[in-house]
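1. Mind folding the following:
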Amino acid sequence: MKIRTMRSKTAMDMIQALGGAPTPIPWGELYTALQRKVVTSMPNSLNAAADIKVWEVCDHFSMIGYVIGTGFLVVNKTSFDKLPADLQEVVTEAGMAYSLYQKEAITNIGNMRAGSVYNQFSNKALHTVADAKGLINRVAQMAPLVRCWQAYGAKPTSMDWGEIYTSLQTGVIDSIDNPILDMYDEKFYEAIKYVNMTKNLYNMISYNTSMAFWSQLTDKEKEVFKKATQVASEKGAAEVKRRLGGVTADLKKRGIEFIETDTSGFKKAVQDNIEEILGGNKDAIEVYWKIIKKQY
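-> Residues are numbered from 1 along each chain as shown. I've put the predicted structure just below:
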């Protein structure tokens, strides 16, 4: 199966591990690529599916959930309303599935880092949060992320992945945040001057299984699974670190300046505006403060 992916070695290796054929396609060309069968599938969020109307050129919709960000997976009402009735039904069923998850029908057996942390490729140096004022930053259109950048004083904007390179070149946007390896693979470094080490987002992969399966295993078998996720996490982190070292050296050789951003002001802006950033969601806010207080 030809699966659309980013030009990221980590993402492409993951697709190959699943038995698929990773096919890099710019976001702006995805609809046509699906229509012409250049690719046969695309993994992404429901919000993204709604925005480019992929249901018009796809026959099936599968809830595989193999990558989960360290944020809150939500479908806002605007995006939900854009979906046709059959996909709205899928989303509703997914919500019911989450309820089952909360009732322990599914259990977590391990977690691992999904690539490196998000930093900024930019044409403006970000030494402190004050430098973010007025910054036109391409941001994934997830409400909490947008509100975070607004809290920093920036001007977050939506943009197809395929338009980013040219927009950085022409000054339509000042910056983009993503893992350094992903941005390097897309050659965004050709259109920027700085790498700002903001470390503003961490991704995780969550390994889950059904309790029906898990309860049939012996304690020894369960330990094998848990050990496997631990080994995968350690090897994945080592590979990212190894490749990141080479990429960092290459970027510096190309004259890109690395800025060790003081992140304290960014953290304070989030804390001061957390209720608005999380849309008043009491459960999400409670989890946030538990994390800040290291209660997990």
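
2. how about the helices of the stretch 51-200 of the chain, start to end?
-> 77-82, 85-102, 143-151, 164-170, 180-185 (DSSP state H, counting those that start in this stretch).

3. which residues sit in contact with the residue nearest to residue 250 when sequence neighbours are not counted?
-> In this structure, residue 250 finds its nearest non-sequential neighbour in residue 184, 7.8 Å apart by Cβ to Cβ, 6 or more residues apart in numbering. Any C-beta I mention is one placed from the backbone N, CA and C, and that applies to glycine too. Counting by Cβ atoms under 8 Å, 6 or more residues apart in numbering, residue 184 touches 247, 250-251.

4. Please indicate which of the residues you listed are buried?
-> In those, burial by neighbour count holds for 247, 251, counting by 16 or more other Cβ atoms under 10 Å.

5. can you redo the contacts of residue 184 as a markdown table with pLDDT, secondary structure and distance to residue 214?
-> Output for the contacts of residue 184, formatted as a markdown table (pLDDT from 0 to 100; DSSP: H, G, I helix; E, B strand; the rest coil; distance: Cβ to Cβ, whole Å):
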| residue | pLDDT | secondary structure | distance to residue 214 |
| --- | --- | --- | --- |
| 247 | 95 | helix | 38 |
| 250 | 97 | helix | 44 |
| 251 | 97 | helix | 44 |
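
6. Pick out whichever of the contacts of residue 184 sits closest to residue 107.
-> residue 247 (36.4 Å; Cβ to Cβ).

7. you'd agree that closest one is up against residue 183?
-> No: taking Cβ atoms under 8 Å as the definition, residue 247 is not a contact partner of residue 183, at 9.5 Å.

8. all strands for this protein, in order.
-> 2-5, 21-24, 68-69, 106-113, 118-122, 136-138, 155-157, 175-179, 194-201, 203-210, 257-259 (DSSP state E).

9. of all those, which lies closest to residue 224?
-> strand 106-113 (10.4 Å).

10. by contact count, what packs against that closest one?
-> strand 203-210, helix 211-214, helix 219-253 (3 or more Cβ pairs under 8 Å, 6 or more residues apart in numbering; DSSP states H and E).

11. Just say which of these is most tucked in.
-> strand 203-210 (a mean of 16; mean count of other Cβ atoms under 10 Å).

12. That one pairs with which strands, and in what direction?
-> According to DSSP bridges, strand 203-210 forms sheet pairs with strand 68-69 (antiparallel), strand 106-113 (antiparallel).

13. Quick one: closest of those to residue 191.
-> Proximity to residue 191 (Cβ to Cβ) singles out strand 68-69 among the strands paired with strand 203-210, at 25.9 Å.

14. What average pLDDT does the closest one get?
-> In this model, strand 68-69 has a mean pLDDT of 36.

15. number of nearby residues for the residue lying closest to residue 244 once chain neighbours are set aside?
-> Leaving out its chain neighbours, the residue that sits closest to residue 244 by Cβ to Cβ, 6+ apart is residue 116, at 5.9 Å. Using other Cβ atoms under 10 Å, residue 116 is surrounded by 21 other residues.

16. same thing with the one 5 residues further on?
-> As a burial measure, residue 121 scores 27 neighbours (other Cβ under 10 Å).

17. pretty sure it is touching residue 188, no?
-> Yes: taking contacts as Cβ under 8 Å, residue 121 lies within contact range of residue 188: 5.0 Å.

18. So for these two, which residues contact both of them?
-> 168, 176.

19. if you skip the residues just before and after it, what's nearest to residue 252?
-> Among residues not flanking residue 252 along the chain, residue 258 sits closest, at 6.8 Å (Cβ to Cβ, 6+ apart).

20. ok now do that neighbour, which residues does it touch?
-> 194-195, 197, 248, 251-252.

21. likewise residue 237?
-> 112-113 are the contacts of residue 237 under Cβ under 8 Å, 6+ apart.

22. if I look at it, how far off is residue 112?
-> Counting by Cβ to Cβ, to the nearest Å, the gap from residue 237 to residue 112 is 8 Å.
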